[in-house]
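J.: coordinates only, no sequence provided:
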């Protein structure tokens, strides 16, 4: 007999960690960002420039890209344009000290999910990542208890 009742004594199936690619030419920022994301339960890979990030995206699946704008070999906006031209639909968070949210309106076809203004703090990073993955994928990306209660992150 087929039953709709599940056995509550069995643990729920584990949800695989969301895979995030972090691209930044500044080694300290790349390390800090990736360490914070790993601590929050994400599976993180890193790239030291836009070209290396592009090559990683061609070979592996990622749920999110967090990229710097100003990088050698391939800048963040050029990387995003290449991603969109290839038909990839993953969400992208761009981190920049010079690119404003207003400036992003000049790039609507790139479908940038969020802009992090450098310098950003870890809580802002984690809230933005969780918000973007929730909006794009429809479910929380990290344990909500590990994220600060911030009204800014929800807006």
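T.: All right, it came through fine. It should be emphasised that the depicted structure is a prediction, and the values quoted were computed from it without experimental measurement.

J.: show me the beta-bridge partners of residue 68.
T.: Assessed by DSSP bridges, residue 68 has beta-bridge partners residue 95.

J.: longest helix of the protein?
T.: helix 122-137 (DSSP state H).

J.: can you give me the buried ones in that helix?
T.: 124-133, 136 (16 or more other CB atoms under 10 Å). Just so you know, the C-beta spots here come from the backbone N, C-alpha and C atoms, and that holds for glycine as well.

J.: quick check: the farthest pair among the residues you listed?
T.: With distances taken as CB to CB, the most widely separated pair in the buried residues of helix 122-137 is 124 and 136, at 18.3 Å.

J.: quick check: bridge partners of the residue sitting nearest the centre point of the chain?
T.: In the chain, the residue lying closest to the centroid (CA atoms, centre = their mean) is residue 64, at 3.8 Å. With DSSP bridges as the criterion, residue 64 is bridged to residue 20.

J.: so that it lines up with my notes, have the first residue be 38 from now on.
T.: OK, 38 is where the count begins now, so the last one is residue 101.

J.: thought residue 54 was touching it, still the case?
T.: No - in this structure residue 101 lies outside contact range of residue 54 using CB atoms under 8 Å: 11.5 Å.

J.: before we move on, the earlier item: min pLDDT across the buried residues of helix 159-174, which one?
T.: Among those, residue 173 has the lowest pLDDT, at 82.

J.: now the helix or strand hosting residue 90, how far from the centre of its chain.
T.: If you go by DSSP states H and E, residue 90 is part of helix 87-96. Computed by CA atoms, centre = their mean, to the nearest Å, the chain-centroid distance of helix 87-96 equals 15 Å.

J.: can you tell me the SS state at residue 75?
T.: Following DSSP: H, G, I helix; E, B strand; the rest coil, residue 75 is assigned to helix.
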